[in-house]
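In: output the structure for:
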Amino acid sequence: MKNKIKLALSSALLVSSTLYAGDKEDIAMLKEQIKALQEQMQTLVDETSDMKTGFEYTTADTEKSYSGLGSAASKVYYSKSPLSIGGYGEMYYTNTNKEVGANTDATEVKRFITYFGYKFTDNIILNAEIEYEGGGVTAAGGGDVVGVEFMYLDFLLNNNFNARVGNMLMPIGLINEQHEPTLYTSVQRPTTATLIIPTTWNESGVMAYGDIFEGLEYKVAAVSAIQPDDTAGDKWFRVGRGSSTITNNVGLATVARVDYTGMNGLLLGASVYVDKDITLWDTHVDYKKGGARLYGTYAQTSRSGTTAGTTQVTDSYGGYVNASFDLLSLTSSNMKLPIFAQYENYNPQDKRADGTSGDDTTNLSVGLNFFPHPQIVLKSDYVLSTKKSLTDKITSLSMGFIF
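Out: Alright, predicted model coming up:
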């Protein structure tokens, strides 16, 4: 009898234990299902919010570039929302110790940029840049502006052929299309990229672009021609840039570019601009491997149609090479600390129609960048700028960001 009672009790306990274990498993499963439903609900709330407001919450991806544009300018192409808002900004402190003349120092909120993009469809995209330069409109008398830097429509057809219509950046050199401060190491843009290739340079027209084959990209455009000003000295080419404002007596120019990207970390290319009087060509390279980077551009301009015996510029040239290494790439840190050295030589008036020439300038720069976040950079550099055997010593600090 006792054995039968023990057997009955044992059976009851086993059934109870099995049922309890089953309940625990069911409860755990229900918890997982509830968690998954909560995540799905939050996703739906976020997507519904985006649909109502049209606002894009995605951050700029520093690893992405669409058709040679900067990371923030590329944002609309990778956005899930129809509306994309991005931009960048930078400010400087500069101290110049002159060998001849008065020393100077200054701070400046150089520029704050907003990008607005809108997808009418997945294949028709508006991209625009509004620039606030020099701290605002009160600085306009000094050459700074508030204006539309570019505004165009892209018609995306396939990998080999796409069309762009509007006011667009000229695909010349490295920095004109990728002029966001996180993309180059020096505090100031190289002078080659301001006087020889007049960054930021935009013209109105139409462009075709795409892949010739995977790893070889092209751009070809018909655009408004630059209108040089021979009274502007070293800036004779820069002041002739087109803009988003009215351009009268519009000339025609063609621009072409080809880039090889078939090797991991390498961009190697060339571009050319041609109008009835001026030919500008450049070669450029940007190579990254591990924490090391080497980039540079050489550009040259020749001009016909000048009047003999005048000071009209007929030839100019400029080039720079920059080498850097990220010290924090040797650690497990997610931050970056590249140190760099840069050599630059340029002459915006290498030859004039009267047989004279301007003076060569050589800039030797060293400096470092600190990236506490991939979208933020703090920079410092020291430049020895030599012209006619006179050397100015320039110390600069800056902060920049993209979003």
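In: for Met168, what are its contacts?
Out: The contact partners of Met168, taken as Cβ atoms under 8 Å, 6 or more residues apart in numbering, are 150, 152, 202-205, 207, 221, 223. Where you see a C-beta, it was placed from the backbone N, CA and C, and this is true even at glycine.
In: what does Asn363 give?
Out: Contacts of Asn363 by Cβ under 8 Å, 6+ apart are 190-191, 320, 342-345, 383-386.
In: can you flag the buried ones in those residues?
Out: Buried subset of those (neighbour count, 16 or more other Cβ atoms under 10 Å): 190-191, 320, 342, 344-345, 383, 385-386.
In: pull the most distant pair out of the contacts of Asn363.
Out: Pairwise distances across the contacts of Asn363 (Cβ to Cβ) peak at 15.3 Å, for the pair Pro190 and Thr386.
In: low-confidence stretches in this protein?
Out: Residue ranges of the chain with pLDDT under 70: 1-24, 26, 39-58, 136-143.
In: can you tell me which of the contacts of Met168 lies closest to Thr231?
Out: Glu203 (21.6 Å).
In: who's the closest one bridged to?
Out: Counting by DSSP bridges, Glu203 is bridged to Met168.
In: so it makes contact with Gly166?
Out: No - if you go by Cβ atoms under 8 Å, Glu203 and Gly166 don't touch, sitting 10.2 Å apart.
In: the more surrounded of those two?
Out: Glu203 (23 against 19; other Cβ atoms under 10 Å).
In: ok, now how distant is the more buried one from Lys75?
Out: The spacing between Glu203 and Lys75, counted by Cβ to Cβ, to the nearest Å, is 23 Å.
In: just Gly166 next, same as before
Out: With distances taken as Cβ to Cβ, Gly166 is found 18 Å from Lys75.
In: would you list every one of the helices in this protein?
Out: Along the chain, counting by DSSP state H, helices occupy 2-53, 75-78.
In: specify the beta-bridge partners of the residue nearest to Phe161 when sequence neighbours are not counted.
Out: The shortest distance from Phe161 to any residue other than its chain neighbours is 4.9 Å, reached at Gly210 (Cβ to Cβ, 6 or more residues apart in numbering). When bridges are taken as DSSP bridges, the partners of Gly210 come out as Tyr218.
In: what residues are up against Gly210?
Out: 158-162, 217-218.
In: using a markdown table, please lay out these together with distance to Tyr66 and neighbour count.
Out: Output for these, formatted as a markdown table (distance: Cβ to Cβ, whole Å; neighbours: other Cβ atoms under 10 Å):
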| residue | distance to Tyr66 | neighbour count |
| --- | --- | --- |
| Asn158 | 15 | 9 |
| Asn159 | 13 | 11 |
| Asn160 | 16 | 12 |
| Phe161 | 16 | 13 |
| Asn162 | 10 | 19 |
| Glu217 | 11 | 22 |
| Tyr218 | 15 | 17 |
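In: now flag whichever of the residues you listed is closest to Lys110.
Out: The closest of these to Lys110 turns out to be Glu217 (Cβ to Cβ; 30.5 Å).
In: now do the buried residues in stretch 281-288.
Out: So, applying 16+ other Cβ under 10 Å, buried residues of stretch 281-288: 281-282, 284-286.
In: what's the answer for stretch 264-280, then?
Out: 266-267, 269-271, 273, 275, 277-278, 280.
In: end to end on that stretch, go ahead and measure it.
Out: End-to-end distance for stretch 264-280, by Cα to Cα, to the nearest Å: 29 Å.
In: try stretch 172-186
Out: Its first and final residues considered, stretch 172-186 spans 19 Å by Cα to Cα.
In: now do the strands in the stretch 51-200 of the chain.
Out: Remark: strands assigned in the stretch 51-200 of the chain by DSSP state E, counting those that start in this stretch are 83-97, 104-119, 124-133, 146-156, 162-169.
In: how about the longest one: buried residues?
Out: It stands for strand 104-119. Quick answer for strand 104-119 (16+ other Cβ under 10 Å): 108, 110-119.
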